[in-house]
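# Quick one, structure for this:
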Amino acid sequence: MSVPEQPAAVVSGPEEVNASEFGFRNVLPRSRDQRNITSDRDAIERARLETRRDGFRRGPDDEYANPLKPNDGSVAYINESERFYRDVAEEERREREARAERRDRVLAERRSETVRAEEERWRKFEEEKERESEKWAAKRENVHLGRSNNNSVPYNPITLSYGDGPEAERLRYMDQSAEYRAALRSKMLYEKANTYNPVTGEDVREIDVPVAKPHPPGTGTA
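Take a look at the predicted model:
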């Protein structure tokens, strides 16, 4: 099998003429297009595709002259008039509508999320309020729970007045008894220390106890 010839525009050197009488080779000048073809990769590829053999060659008369153009019946084929969408105003309108729809969708999702969060917050608030009401109702029904707010002493710690009840009466009796004993002790000390009047020589007159003797609570005696 013989090796196919390469295109002259791609691999062949500059066209030569007969040598001069001095032995120099004369080369015809090439145009700018010819020089650009040798450095253009796409042109080289196209030239190589056109010169392929064994049924792969696609010449200018072939149905597939353009190797980059798909067949009319292929999936990649598209009409030249439909290749580019020329209705720019309609395209921009669709883009604006798509952006507006996307923005409305995002706002709707945010609004729904806010509504759900607000409903959840109010639901928790109502549950907490209901639990608080049940707690206070249970405390009101149980009378023993309120004893912790009572005074630990049977008198008012601010006004120092006695309260009501047996504990207050017992405390009153104990305080009056202490005052009575103090008065008796004062009378006894006075009488022991003063047996007579050193000025007149007379005996010291007995003094009365200024505090009445208290009676235990519940005896009915004031």
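
# could you pull out the helices for this protein?
Applying DSSP state H to the chain gives helices spanning 32-39, 41-50, 80-83, 88-141, 166-193.

# Which of those comes out lowest on mean pLDDT?
Sorting the helices of the chain by mean pLDDT places helix 80-83 lowest, at a mean of 74.

# So which of the helices of the chain is nearest residue 157?
Among the helices of the chain, helix 166-193 comes nearest to residue 157, with 12.7 Å by Cβ to Cβ. Every residue, glycine included, has its C-beta placed from N, CA and C.

# Could you measure from the spatially most central residue of the chain over to residue 106?
Nearest to the geometric centre of the chain sits residue 117, at 12.4 Å (Cα atoms, centre = their mean). When Cβ to Cβ, to the nearest Å is the yardstick, residue 117 and residue 106 sit 16 Å from each other.

# how is this protein carved up into domains?
Domain ranges of the chain: 1-77, 85-150, 155-222, per automatic domain parsing.

# For residue 76, which non-adjacent residue is spatially closest?
With sequence-adjacent residues excluded and distances taken as Cβ to Cβ, 6 or more residues apart in numbering, residue 76 is closest to residue 70, at 4.2 Å.

# how near is the one you found to residue 179?
124 Å.

# Next: residue 192.
Distance, residue 192 to residue 179, by Cβ to Cβ: 21 Å.

# do the same with residue 47
From residue 47 across to residue 179, the span is 135 Å (Cβ to Cβ).

# Between these two, tell me which one has more neighbours.
Using other Cβ atoms under 10 Å as the criterion, residue 47 and residue 179 rank with residue 47 on top: 17 against 14.
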